[in-house]
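> dropping the sequence and predicted coords here.
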Amino acid sequence: MEEVRATSAWVASHSSHVTVDSLGIEKVVESVENSIPKVEWNYEGIHYFDNGPLTVQYLFVLDALNFCFWPDKDLNYDDLASGLKEALQNDKTVFDADRLQKYTGPELRELLKWPRPLPLEDERVRLMHEVGFELERSFGGKASNIVESCGKSAVKLVSIIARHFPGFRDHTVYKGHQVFLYKRAQIFAADVWGAFKGEGYGEFSDVGSITIFADYIVPAVLQQLGVLKYSSSLDNIIKGNKEIGSGTEEEVELRACSIYAVEKMRDLIQKRTGKQVLSVELDLWLWAYGVSNPSLQHHRTLSIYY
Ligand SMILES: Nc1nc2c(c(CN[C@H]3C=C[C@H](O)[C@@H]3O)cn2[C@@H]2O[C@H](COP(=O)(O)O)[C@@H](O)[C@H]2O)c(=O)[nH]1
């Protein structure tokens, strides 16, 4: 994920609305360096797991739809994860590639037992079709074949996914430069790693190459911890719950500066303690902290990427 790291650093050094505060990073690192809070994957107990290829299929569908929950104030990531889990427990064929290509909005809602239209429902359905079509065309219908083709490399896994599935191509242009963020492709690699505890499908020799997953929760946590500072205009937009357009400078800076800041935290932890910590582990800690603080105000962007 060198391109994610390098392009996020570029944004951080040309940023107009978001600043990464080195002193803030030092304070946070000082407070956690001896015991980085370890958060178990699936600590919420919401995920499907059977130790086999169907788990990989579940995670791929989950991460194809893992974006934009906030427009419905009652809808959370948990509802998606546990809804898909239950649907799969009731019918092992719900995520077969041919079925994925046929879902309609109301059918997806029914699958999740959600009583009203989902945010960006048409996009969610389109992405399910895209996943089903490309899985069938290139991977024998099975997401586990994508994982098997990556030679135990998370970097290769992310790049195969981005090459084959346009919906996972989370990149943009910022001040004339192409910037790569790859939130859902990277979170899929991390989910497979977490679910299988780094073994079998989850064995990746380069899991340390993955960065954090730039969503709308982690930037809000980093700001609360004093790691990110916002301009007063951006602060007012977020506090006023006003939408920020996808691809705007503000939005790209929020996401890229979060990635850059956590890479800096990780470097500092290593320097001070000699201990290697993974960005995935820091992400899970920051994210779990964020979702346990529902009063945290986050930015609002309509996006299929996060
Ligand atoms: N950075 C980061 N962002 C994450 C996740 C996860 C879930 N990861 C699973 C992996 C292991 C655990 O068992 C988790 O269940 C979801 N999100 C993002 O959050 C937002 C949803 O927020 P809310 O509207 O409040 O539900 C949305 O953009 C979603 O894409 C993560 O881990 N890291």
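All right, it came through fine. Numbering: from 1, shown residues only.
> tell me where the protein has strands.
For the chain, the strands defined by DSSP state E cover 18-20, 171-174, 177-180, 228-230.
> how about those, which one is nearest the ligand?
Evaluated over the strands of the chain, closeness to the ligand peaks at strand 228-230, with 14.2 Å, by Cβ to the nearest ligand atom. Where you see a C-beta, it was placed from the backbone N, CA and C, and this is true even at glycine.
> residue 54 against residue 92, yeah?
Yes: assessed by Cβ atoms under 8 Å, residue 54 is found in contact with residue 92 at 6.7 Å.
> when those two are compared, which one has more neighbours?
Shown here are residue 54 and residue 92; by other Cβ atoms under 10 Å, residue 54 has more neighbours (18 against 11).
> any idea how far the ligand is from the more buried one?
To the ligand, residue 54 is 18 Å away according to Cβ to the nearest ligand atom, to the nearest Å.
> next: residue 169.
Per Cβ to the nearest ligand atom, residue 169 is found 16 Å from the ligand.
> what about the longest helix seen in the chain, near the ligand?
The longest helix of the chain (DSSP state H) is helix 249-273. No: with Cβ under 6 Å from any ligand atom as the criterion, the ligand is not reached by helix 249-273; the gap is at least 8.6 Å.
> cool, stretch 70-85 as well?
Yes: with Cβ under 6 Å from any ligand atom as the measure, stretch 70-85 is seen reaching the ligand through 70, 76-77, 81.
> ends of stretch 25-38, how far apart?
Using Cα to Cα, to the nearest Å, one end of stretch 25-38 lies 19 Å from the other.
> how far out from the middle of the chain is it?
Centroid separation between stretch 25-38 and its chain, computed with Cα atoms, centre = their mean, to the nearest Å, is 22 Å.
> which residues touch that stretch?
Defining contact as Cβ atoms under 8 Å, 6 or more residues apart in numbering, one finds that stretch 25-38 is touched by 225-227, 261, 264-265, 268-269, 272-273, 277, 281-282, 285, 289.
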